[in-house]
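Enquirer: Just a sequence and a predicted model for now, questions to come.
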Amino acid sequence: MKANSNIPYHEALNPSQLEAVNFTEGPLLVIAGAGSGKTRALTYRVARFVEKGVAPGSILLLTFTRKASFEMLKRAALLLDNRCEKVAGGTFHSFANTVLRKYAPNVGFNPDYSILDRADSESLISMLRKEMTFVAGHRSFPRKQTLANIFGRAVNKALPIELVILNDYPHFAHHTEAIIAISNDYKKHKAEHSFLDYDDLLVYLKTLLKDHSDICRSISSTYRYLMIDEYQDTNLIQAEIIRLLAASHQNVMVVGDDSQSIYAFRGANFKNIMKFPEIFPGTHIIRLEENYRSTQPILNLTNVIIAQATEKYSKTLFTRRPGGSLPVLVSAGNENSQARFVAEEIRKLNQSGVPLGQIAVLFRANFHSFDLEIELSRDGIPFAKTGGFKFTESAHIKDVLAHLKVLCNPYDRISWYRILLLLSRIGPKTAQNIYAAILAEQEGYKGLFTVKAKNILTGDFQRLKYLFEFLDSKTMSVAQTGEAVLNYYTPILKDKYDDHPKRTKDLEHLLTIMERYLNIESFLTDMALEPPSTSINNSLSLDDPGDGRLILSTVHSAKGLEWHTVFIIWALDGRFPSIHALHSSEDFEEELRLMYVAATRARENLFFIYPGQVYDRTSGMVLSRPSSFIADIPDNILARISYEQ
């Protein structure tokens, strides 16, 4: 173990960061305020451990995006050496996938399972929903998206489906029995066809660790030092996984900010970070409060916003940066006035030298930006919109991926149905018969070669058979396989979509991604676990959205990012917070944290804008008061102006 270090820890880190980096044994909770350099602390801690002689493979760094862990380990390697890149890093889901590929038989399924993304799950649920005769006569029965939400919420919140329906979907209470029946069919179908959805990856990992103490001890002993980023975003299952992984040593460091816990709708549990010291007795707590992002006037405001929270770890953000102007609350006459104000200010900022890519407009809900998008397009201001748009959920992308999926899982009913229904003269019944014939042949996708289906042996169906015969006869790279599928699919694309040139560019992007992979299985796994999610002017994009375009984003999608100037629109009581949140203390607290997250994205300028006299049809109310989160903040902290044009 080295006694000396060439890494300038004392110069690079503030005292709180340094304390976190040097803490080694036992449980550690780092409360990292917005912009307080938590990534730097984690990066230097990885380097410090490896430098001291800890085996890289015994360190497990879990984050919520693969990009985050990759960047941290890359930076650590630059600080020390490439040993840091051998640290085990990734997302909870990717880690679960790695472990389950090895131990799947111990929890009762095949290690060659396929991963269902959200759209795949919904497709399967829709299929099972249609097969229920009871559902056919009830137009009020919940749709596939709602059923997927109910099933996912039950898993992530560890609640029975009956209770989820009662709490969140009481208008479907009379369908509870049928919903439970579909849930049971969904579980059964996944088991029979070696499918795991996102939730299953975590559930089965927890089951493996909990029910197999020998395997749990082995994995816990392998990973002697655990580091978990964004702990406030974990759900109950993830928190239990961490408890089990730390069972043999208790060397677990979690980093997070209770003030930025905003993903309850995904199952994130705010209580996990609050109760961490109870779960791990003797926890040492360190607060990171020095902010490296924003000016002090912005921090003064955000400190006041979050002080309203009833349950929190107390902290006060500060910066050593001098100067800065007061944040501004803008009262606009109506929604269009709001859009015009934002467009005018963006143009002024851009003309004064602020790049469009350093300006963001944030909103609570995806539809809040629609009027602004029209105004920006009219003014010729280019923008990229993030949030609510997943690359692999687009129909043409899923069409191509379906052909690749059956190469890996030849009895993937969802993908076969999708492939077959693309063909002329094939409907659901015929697709079902063809799939049954493939299943009966027991030769995988080769069963397609011998299928005899009445009236469909020519045309599109014959082309499909030729495609799989060609793929079976050649040894090809992942990209070459993708290109063969794309060549086959292009005529279908042109026939199916009027905007096929734009969609063709999306598929070309997909081929570019495929070039990075050595096998189709790993490509499909990454597409399922971490698909790209950016659109530019309503088109899919894999590029960095900050390349000269204004950023439009939901607050949820903006977390972890920062910009020179931030506009928060619809800062109106009844919109942010929503009317629903006004009647729920838990939801109100979460939306308070959501506003805090939005405000802490700004480095230099921060604007809140709200339109006056907005009629809400649901409640029958006229909304006109600024958000209760900021309405009563003094003028010496939040300036006020009116814009009535």
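Expert: Looks like it came in fine.
Enquirer: Tell me how far the strand ranked longest in the chain lies from the chain's centre.
Expert: Across the chain, the longest stretch assigned as strand under DSSP state E is strand 602-611. The chain centre lies 25 Å from the centre of strand 602-611; the measure is C-alpha atoms, centre = their mean, to the nearest Å.
Enquirer: cool, stretch 260-275 as well?
Expert: Using C-alpha atoms, centre = their mean, the offset of stretch 260-275 from its chain centre is 14 Å.
Enquirer: Alpha carbons of stretch 370-377, in CSV - could you do that?
Expert: The C-alpha trace of stretch 370-377 is given here as CSV (Å, rounded to 0.1, in the frame of the first residue of the first chain):
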residue,chain,number,x,y,z
PHE,A,370,-46.3,23.4,-26.9
ASP,A,371,-47.2,27.1,-27.3
LEU,A,372,-43.6,28.1,-26.8
GLU,A,373,-42.5,25.7,-29.5
ILE,A,374,-44.8,27.4,-32.0
GLU,A,375,-43.4,30.8,-31.0
LEU,A,376,-39.8,29.6,-31.3
SER,A,377,-40.4,28.1,-34.7
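Enquirer: What residues sit buried inside it?
Expert: 371-373, 375-376 (16 or more other C-beta atoms under 10 Å). In short, each C-beta sits where N, CA and C put it, glycine included.
Enquirer: and of these, the nearest to residue 207?
Expert: Closest approach between these and residue 207, by C-beta to C-beta: residue 373, at 45.1 Å.
Enquirer: And for the host helix or strand of the closest one, what's in contact with it?
Expert: Using DSSP states H and E, residue 373 maps to helix 370-379. The contact list for helix 370-379 (C-beta atoms under 8 Å, 6 or more residues apart in numbering) reads 335-336, 338-340, 342-343, 346-347, 361, 383, 385, 537, 550, 552, 569.
Enquirer: min pLDDT across the residues you listed, which one?
Expert: Model confidence across these bottoms out at residue 537, which has 40.
Enquirer: The helix holding residue 373 vs strand 602-611, what angle?
Expert: Put simply, helix 370-379 runs at 110 degrees to strand 602-611, going by axes from the mean of the first three to the mean of the last three C-alpha atoms, to 10 degrees.
Enquirer: Convert stretch 200-213 to CSV, retaining C-alpha atoms only.
Expert: The C-alpha coordinates for stretch 200-213 follow below in CSV (Å, rounded to 0.1, in the frame of the first residue of the first chain):
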residue,chain,number,x,y,z
ASP,A,200,-37.8,-8.3,-13.0
LEU,A,201,-34.0,-7.6,-13.2
LEU,A,202,-34.1,-6.0,-9.8
VAL,A,203,-36.7,-8.3,-8.2
TYR,A,204,-34.8,-11.5,-9.2
LEU,A,205,-31.4,-10.0,-8.1
LYS,A,206,-33.0,-9.2,-4.7
THR,A,207,-34.5,-12.7,-4.6
LEU,A,208,-31.2,-14.3,-5.4
LEU,A,209,-29.3,-12.4,-2.7
LYS,A,210,-32.0,-13.0,-0.1
ASP,A,211,-32.8,-16.7,-0.7
HIS,A,212,-29.3,-17.9,-1.4
SER,A,213,-27.0,-16.9,1.5
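Enquirer: That concludes my questions; thank you for your assistance.
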